[in-house]
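>>> Kindly return the folded structure for what I paste below:
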Amino acid sequence: TQKINRRMLGKAPLALQRRALRQLLRQQLPKAPNYEQVEKMTALIQAPNQTQTDPFPGGATARVEGDWIILTSNRR
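Have a look, this model is predicted:
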(Lines give C-alpha, C1' and ligand atoms only; values in the text may rest on other atoms or scores of the structure.)
Protein backbone atom coordinates (compact mmCIF):
# COMPACT_ATOMS: atom_id res chain seq x y z
CA THR A 1 0.00 0.00 0.00
CA GLN A 2 1.24 3.46 -0.94
CA LYS A 3 -0.28 6.84 -0.18
CA ILE A 4 0.19 10.47 -1.16
CA ASN A 5 -1.26 13.66 0.30
CA ARG A 6 -3.68 15.02 -2.28
CA ARG A 7 -4.03 18.48 -0.65
CA MET A 8 -0.30 19.13 -0.95
CA LEU A 9 -0.14 17.55 -4.39
CA GLY A 10 -3.04 19.74 -5.57
CA LYS A 11 -0.90 22.86 -4.96
CA ALA A 12 1.79 21.63 -7.36
CA PRO A 13 1.81 22.28 -11.12
CA LEU A 14 -0.08 19.68 -13.17
CA ALA A 15 3.12 18.26 -14.70
CA LEU A 16 4.54 17.62 -11.22
CA GLN A 17 1.24 16.07 -10.07
CA ARG A 18 1.35 13.65 -13.00
CA ARG A 19 5.01 12.81 -12.41
CA ALA A 20 4.44 12.03 -8.72
CA LEU A 21 1.38 9.88 -9.44
CA ARG A 22 3.15 8.06 -12.28
CA GLN A 23 5.95 7.18 -9.85
CA LEU A 24 3.43 5.96 -7.26
CA LEU A 25 1.76 3.75 -9.89
CA ARG A 26 5.11 2.37 -11.09
CA GLN A 27 5.74 1.03 -7.60
CA GLN A 28 2.47 -0.93 -7.55
CA LEU A 29 1.67 -1.95 -11.13
CA PRO A 30 3.23 -4.88 -13.01
CA LYS A 31 4.22 -2.54 -15.89
CA ALA A 32 4.67 1.19 -16.47
CA PRO A 33 1.39 3.13 -16.27
CA ASN A 34 -0.11 4.65 -19.41
CA TYR A 35 -1.53 8.17 -19.82
CA GLU A 36 -5.12 7.14 -19.01
CA GLN A 37 -4.04 5.44 -15.78
CA VAL A 38 -2.11 8.51 -14.65
CA GLU A 39 -5.08 10.75 -15.48
CA LYS A 40 -7.39 8.45 -13.50
CA MET A 41 -5.15 9.06 -10.49
CA THR A 42 -4.89 12.80 -11.16
CA ALA A 43 -8.70 13.07 -11.04
CA LEU A 44 -8.59 11.80 -7.45
CA ILE A 45 -6.83 14.98 -6.31
CA GLN A 46 -10.16 16.85 -6.51
CA ALA A 47 -12.51 13.87 -6.02
CA PRO A 48 -14.92 13.55 -3.08
CA ASN A 49 -13.95 11.48 -0.06
CA GLN A 50 -14.39 7.70 -0.52
CA THR A 51 -14.06 7.91 -4.33
CA GLN A 52 -12.40 4.78 -5.71
CA THR A 53 -10.99 3.82 -9.09
CA ASP A 54 -11.81 0.68 -10.98
CA PRO A 55 -8.93 -1.83 -10.77
CA PHE A 56 -5.65 -1.14 -12.54
CA PRO A 57 -3.76 -3.98 -14.25
CA GLY A 58 -2.73 -6.44 -11.57
CA GLY A 59 -5.75 -5.58 -9.42
CA ALA A 60 -4.50 -2.43 -7.66
CA THR A 61 -7.11 0.19 -6.76
CA ALA A 62 -6.82 3.79 -5.60
CA ARG A 63 -9.21 5.49 -3.21
CA VAL A 64 -9.60 8.85 -1.52
CA GLU A 65 -9.58 8.91 2.27
CA GLY A 66 -9.62 12.45 3.63
CA ASP A 67 -6.43 14.20 2.52
CA TRP A 68 -4.91 11.00 1.12
CA ILE A 69 -4.93 9.04 -2.11
CA ILE A 70 -4.24 5.45 -1.14
CA LEU A 71 -3.09 2.93 -3.73
CA THR A 72 -3.57 -0.67 -2.64
CA SER A 73 -2.13 -3.57 -4.56
CA ASN A 74 -3.77 -6.97 -4.63
CA ARG A 75 -0.55 -8.64 -5.78
CA ARG A 76 0.81 -11.31 -3.52
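>>> Please settle this for me: is Val38 part of a helix?
Yes - counting by DSSP: H, G, I helix; E, B strand; the rest coil, Val38 is part of a helix.
>>> got the buried residues for the host helix or strand of Leu16?
In the assignment (DSSP states H and E), Leu16 maps to helix 14-28. For helix 14-28, the neighbour count (16 or more other CB atoms under 10 Å) marks 17-18, 20-22, 24-25, 28 as buried. For the C-beta atoms, the positions are set from N, CA and C on the backbone; glycine is no exception.
>>> Quick one: the helices in the chain, in order.
Remark: helices assigned in the chain by DSSP state H are 6-9, 14-28, 35-43.
>>> Format those as CSV; extra columns: mean pLDDT and distance to Trp68.
Shown next, in CSV, are the helices of the chain (pLDDT from 0 to 100; distance: least, CB to CB, whole Å):
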stretch, mean pLDDT, distance to Trp68
helix 6-9, 97, 6
helix 14-28, 96, 12
helix 35-43, 97, 13
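>>> Spatially nearest residue to the residue nearest the centre of the chain (excluding sequence neighbours)?
Per CA atoms, centre = their mean, the C-alpha nearest to the average position across the chain is that of Met41, at 3.9 Å. Leaving out its chain neighbours, the residue that sits closest to Met41 by CB to CB, 6 or more residues apart in numbering is Leu21, at 4.2 Å.
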